[in-house]
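Fold the following, please.
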Amino acid sequence: MASERTALLPRNQRSARKYYILLFVLFFVSYAYFFQGGGWNQNSKICLIRSIIHHGSFTIDSCREDRPEMIFANTGDYAFYNGHYYSNKSPGHAFLSVPSFAIAEYIFSHLFPENPELQIRLSAYISTVCTSVICSTLLCLLLFRFFLVYFHVEASQSLFLTLCFGFGTLAFSYSTTFYTHLLSAFFLFLAFTLLLNVRTEKTAYQKRSVLFAGAAIGLGVLGEPSVIFACGILFLYMLACRQLRALIPYFILGGVPFAVIQIFYNIVCFGGPLSYSYQFANEIVMIKVNGRLFGIPSLKAILNLLILPYRGLFVSSPILLMAIPGIFMGVRSKKFTFEVIAATLIALVYFAFLSSFYGWDGGSTVGPRDILAMFPFLFLVASFSFRMFPKTFTALGIISIIINLCITIVGNEVPYHIKNPLIDVILKNLLKGAVSINPFPVSHLEHYADLYPSFFDFGNVEKWTPNFNSFNIGELLLPNSLLSILPLFCFWCLWGYIWIRMLKRTS
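Just a heads-up that it's a prediction; the model follows:
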C-alpha cells in the first residue's frame, strides 16, 4: 500500500481523496443532468421492476398496454412462456433497481397523486441515476485511478484521459439511459482492477480482492450474459499470472451466488435451470437465419460496426482509433503486457460476438451499443498512445467529446431504419435547437396518439413534437430549448475553476 500512496498525485492522501470526490461530482452531475426516456429495452426492465414491487411476480402481464399496432405496445422486448409474458432481458439490472424505483414511486405517488404516468417516468429517471449514472461515474473513477496509480500520469493529464472516455465515447449518452451496458462495463472493469491490484501487490487482502472480483463478474453476467466471454479471458489472465493462479477458486466462489440467482430466475420463469428468456423471446426482435441467432460475421456487419456511419465505432467514438497504435505500445511496455493482451482480447471477443449476431445493428441506437462493456478496455489500450502521439490523441479526444455531447443533448434512441444517425438526426435536430427528442413513453401509452408513426418519424425535424418523455434538468427553466444546456456549462466552468485551484494548492 505504501507504493500506491507514493504513486498517487498529489502525495498527500487527503488531497488525493479530494480529487476523487471532485471527479465523482463532475461525472455524477453531468450524467444525471440527462434522461433519455423510454424505449423497448428500458420499458422491458421497468415492467419487471413494477411487477416485482406491486405483484411480487416475475411475469409482466400486468404491465401490458395494448395498441392497434401491437399486443404489447410499451415493449417488444418480451418473452412469452406458458401463457405469460416476461422481460426478455437478463434480470440483474431490474433487481438492482427495485429499491430505488420503489422508494421513488412511493414519494412521487404522494407528490403527484393524480398523475401515475409522471410517477412512473420520474421513478424510472431516479432508477437510472441510482444504477446507470452511479456505475458509470464509478467506472470513470476507476479509469482515473488506473492512469494515476499504475501509469503514473500526472493529475491533469489523467483527468483529460478520463474525460475522453467519460464524455468522448458512447459511454456518455448510455450513462443517461436505462440500459444495462454501463453497469456491466463497470462490474467487468472492477473485476479487472481488483485482479490487477493482486498481481501488482497493491493490496494486502489478496483472497478478498479475488473473491470480490468474482462477485463483480457474477453481477455483470446477471445483468448482461455477454460478460461471460470476458469472464473467460479474465480466467486465462489469472492462469497466466503466477500471483493469481492459486486464487482462482476464490474467483469462482465469488460468482456462485449470482449464478444461483440466475438459475432460480430461469427455473421460475422458463421452467429449467438452463432455459433462458431469448429462447422464448418475441420473434420480431430476435433476428434469426435458419433458426439461429449467430452466424459467420459478414463484411457488411464488420464495416458498419467499425467505420461506416450507420453504427461505426470509430464514427461515434473516434478517440478509440488510438487503440490501434496503443496495442503495440502497450505490449512493448513489458510491465503491463498481460493486461494489454487481456484488454485487447476482451475487445476482440466482444466485437466478434456482435459481428456474428444477426441482430448486430442493435435496434434504436447511434452506434454499437451492444459492445459498450468492452469500451473501458479498448480505451485503456488506446491510452498507451497518449504519450507518443499527444497532439493526435488530444485532437481526436476533443472531436469525440463534441460528438458525444451532441448525441447526449439530442438523444441516442434513433430508429434502426435511419442510415446516418449523426447527420440525419443528431446534427439536423441540433441545428434546429431541438433537445431530448425521444418521444417514446415509459407507460400510459393511451395518452399518445399515433405513437409508432411519431416514433419512426422523429428523425424528421419538421414532425418532431416535444413531450418530455426524455429531458434534461435545464428544461425545468428552458423547456425544449438548446439553451437548457447552459446550466450544465456553468457547472462545468465552476468545476474547472475548483479543479485548477486544487491543483495549485497541491502542486
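
hey, where'd the helices end up in the stretch 301-450 of the chain?
313-316, 323-332, 337-355, 375-382, 390-410, 421, 428-432 (DSSP state H, counting those that start in this stretch).

quick one, the fifth one and helix 323-332 angle?
So that's helix 390-410. With axes from the mean of the first three to the mean of the last three CA atoms, to 10 degrees applied, the angle from helix 390-410 to helix 323-332 works out at 130 degrees.

Mind listing what's buried along helix 390-410?
Buried positions in helix 390-410, judged by neighbour count with 16 or more other CB atoms under 10 Å: 393, 396-397, 400-401, 403-410. In this view, the C-beta of every residue, glycine as well, is placed from N, C-alpha and C.

Using CSV, please lay out those residues together with distance to residue 344 and pLDDT.
Converted to CSV, these look like this (distance: CB to CB, whole Å; pLDDT from 0 to 100):
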residue, distance to residue 344, pLDDT
393, 18, 98
396, 19, 98
397, 20, 98
400, 20, 98
401, 24, 98
403, 24, 98
404, 23, 98
405, 28, 98
406, 29, 98
407, 26, 98
408, 28, 98
409, 32, 97
410, 33, 96
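
Need these in CSV (columns: distance to residue 145).
What follows is the buried residues of helix 390-410, written out as CSV (distance: CB to CB, whole Å):
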residue, distance to residue 145
393, 20
396, 23
397, 19
400, 22
401, 21
403, 26
404, 22
405, 24
406, 29
407, 27
408, 24
409, 29
410, 32
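
Between those residues, which sits nearest residue 499?
Using CB to CB, residue 401 comes nearest to residue 499 of the buried residues of helix 390-410, at 16.3 Å.

what sits up against the lengthiest helix in the chain?
In terms of residue count, the longest helix belonging to the chain (DSSP state H) is helix 248-270. Residues from elsewhere that reach helix 248-270 (CB atoms under 8 Å, 6 or more residues apart in numbering): 58-59, 79, 81, 86, 90-92, 95, 195, 207, 210-219, 221-222, 231, 234-235, 238-239, 272-277, 279-280.

Pull out the buried positions in it.
250, 251, 252, 254, 255, 258, 261, 262, 265, 266, 269, 270.

and that helix, C-alpha only, in CSV?
Taking Å, rounded to 0.1, in the frame of the first residue of the first chain, the C-alpha atoms of helix 248-270 are listed here in CSV:
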residue,chain,number,x,y,z
ILE,A,248,-8.8,-19.0,-8.9
PRO,A,249,-11.1,-20.9,-6.5
TYR,A,250,-11.9,-17.7,-4.7
PHE,A,251,-12.8,-16.1,-8.1
ILE,A,252,-15.2,-18.9,-8.9
LEU,A,253,-16.7,-18.8,-5.4
GLY,A,254,-17.4,-15.1,-5.7
GLY,A,255,-19.6,-15.7,-8.7
VAL,A,256,-21.5,-18.6,-7.4
PRO,A,257,-24.3,-16.6,-5.6
PHE,A,258,-25.2,-14.8,-8.7
ALA,A,259,-25.2,-18.0,-10.8
VAL,A,260,-27.7,-19.4,-8.2
ILE,A,261,-29.9,-16.3,-8.6
GLN,A,262,-29.8,-16.7,-12.4
ILE,A,263,-30.7,-20.4,-12.2
PHE,A,264,-33.5,-19.7,-9.8
TYR,A,265,-34.9,-17.0,-12.1
ASN,A,266,-34.7,-19.3,-15.1
ILE,A,267,-36.5,-22.1,-13.3
VAL,A,268,-39.3,-19.9,-12.0
CYS,A,269,-39.8,-18.1,-15.3
PHE,A,270,-38.9,-20.6,-18.0
